[in-house]
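*Asks:* What follows is a predicted structure for the sequence shown.
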Amino acid sequence: MVNSYASPDDAEIAIAAARAGADVVRAMYGQRLTRIDKGAGDFATAADVKAEEAILGVLRAARSDDAVLGEEGGQRGAAEAARQWLVDPLCGTLNYAVGNMLVAVNVALRDGPAAVADPFSGEVFFTDGETARVRHDGADTRLAPTPATRLVDVNLDPPFPSAPGFRAVDLLARPGFAARFRPRVVSTTLALAWVAAGKRAAYVTDGGDLSGSVHFAAGIALCRAAGCVVTGIDGAPVGRSGRGLVVAADGETHQLLMSMIRDRGEEHRG
């Protein structure tokens with residue numbers, strides 16, 4: 001469902017906000033950064049915090065009355081607001097902290113336009129809620145998902161709420177998977193943008209309802225607008241009843257992955 005309160009220029013605001021965050025991430029790359037412990041092995045860095053501040057600056061200037069849920073700053077404004085921005089200023093913090101450039105900056109208006117910026121390639125993947133495009137060097141190109149690469153990105157990071165019935169690592173070990181696909185693990189939701197762009201055939205992760213997640217909302221919006229098949233790992237629509245994500249470039253790829261996931265579940269129940 002597209003947010004009925006969305007405005008025609010919200011996509012440009014999402015792009016500007018994501019770019020502002022990406023500028024900070026790129027500028028601070030390679031520095032010795034303070035780590036902020038979140039518990040359970042998770043942490044943020046000073047770059048996460050400063051990038052979120054830059055994003056909030058853009059959103060406040062353009063949409064001062066809107067609510068914002070940020071990965072680092074939490075909820076600002078009413079959680080039930082009709083217009084709420086979901087912000088993940090640096091998705092792939094561990095990658096970034098060890099000098100790996102595979103990260104993303106995610107900005108999404110809930111059920112509306114969204115942008116995913118790659119700070120190091122200069123690409124900004126975005127949707128106005130209807131179409132999906134990538135902006136690079138001043139030019140916009142429509143995204144065209146394809147399974148041609150056969151590369152499937154699988155999130156192996158905890159938690160694992162569906163184990164032992166579903167574990168992503170078991171999916172990789174299935175003979176059918178190895179015969180058809182090649183696994184990739186980049187540990188950032190930039191991989192979702194890559195499915196929309198044809199750089200990945202699919203993306204799989206466990207989890208609960210990810211539709212309102214600051215990590216996943218922008219990528220889900222992008223993939224839906226690009227025409228990808230988007231469901232939970234149980235095949236249900238992503239939302240309150242869905243679990244995790246299976247995002248595929250086309251129906252055949254999605255069906256193959258779902259059959260492997262279901263076979264694993266049946267084996268466990270047996």
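*Replies:* Noted; the coordinates are in hand.
*Asks:* tally of neighbours for A163?
*Replies:* Close neighbours of A163, defined as other C-beta atoms under 10 Å, add up to 14. Heads up, the C-betas are built off the backbone N, CA and C, glycines and all.
*Asks:* which SS class is it?
*Replies:* For A163, the assignment made with DSSP: H, G, I helix; E, B strand; the rest coil gives coil.
*Asks:* List the contacts of it.
*Replies:* For A163, the contact set (C-beta atoms under 8 Å, 6 or more residues apart in numbering) comprises D206.
*Asks:* Run through the helices of the chain in chain order.
*Replies:* 10-28, 46-62, 93-97, 168-173, 175-180, 190-197, 217-226, 251-269 (DSSP state H).
*Asks:* Give me the contacts around the fifth one.
*Replies:* Just to be clear, that refers to helix 175-180. 150, 152, 171-172, 183, 256, 259-260.
*Asks:* Tell me the pLDDT of I36.
*Replies:* The model reports I36 with a pLDDT of 87.
*Asks:* Now for it: which residues touch it?
*Replies:* With contact set as C-beta under 8 Å, 6+ apart, I36 has these partners: 43-46, 48-49.
*Asks:* can you pick the most crowded of those residues?
*Replies:* Each of the contacts of I36 was scored for neighbours by other C-beta under 10 Å, and D48 scores highest at 27 neighbours.
*Asks:* And that one, how close does it get to E252?
*Replies:* Separation of D48 from E252 (C-beta to C-beta, to the nearest Å): 38 Å.
*Asks:* Just give me the neighbour total for A115.
*Replies:* As a burial measure, A115 scores 30 neighbours (other C-beta under 10 Å).
*Asks:* Can you name the residues that contact it?
*Replies:* Residues counted as contacts of A115 (C-beta under 8 Å, 6+ apart) are 11, 14-15, 17-18, 106-108, 124-127, 218.
*Asks:* Would you mind giving these as TSV with distance to I36, pLDDT and neighbour count added?
*Replies:* Formatted as TSV, the contacts of A115 follow (distance: C-beta to C-beta, whole Å; pLDDT from 0 to 100; neighbours: other C-beta atoms under 10 Å):
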residue	distance to I36	pLDDT	neighbour count
A11	31	97	22
A14	26	98	31
I15	28	98	23
A17	22	98	29
A18	22	98	31
N106	19	98	35
V107	21	98	33
A108	23	98	32
V124	27	98	24
F125	28	98	30
F126	29	98	29
T127	31	98	25
A218	23	98	33
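*Asks:* of these, closest to A54?
*Replies:* The closest of the contacts of A115 to A54 turns out to be A17 (C-beta to C-beta; 8.1 Å).
*Asks:* so how far is A114 from that closest one?
*Replies:* For A17, the distance to A114 equals 10 Å [C-beta to C-beta].
*Asks:* which neighbours do the two share?
*Replies:* In contact with both A17 and A114: V107, using C-beta under 8 Å, 6+ apart.
*Asks:* Where does the prediction get shaky in the stretch 1-150 of the chain?
*Replies:* Low-confidence segments of the stretch 1-150 of the chain (pLDDT under 70): 1-2, 4.
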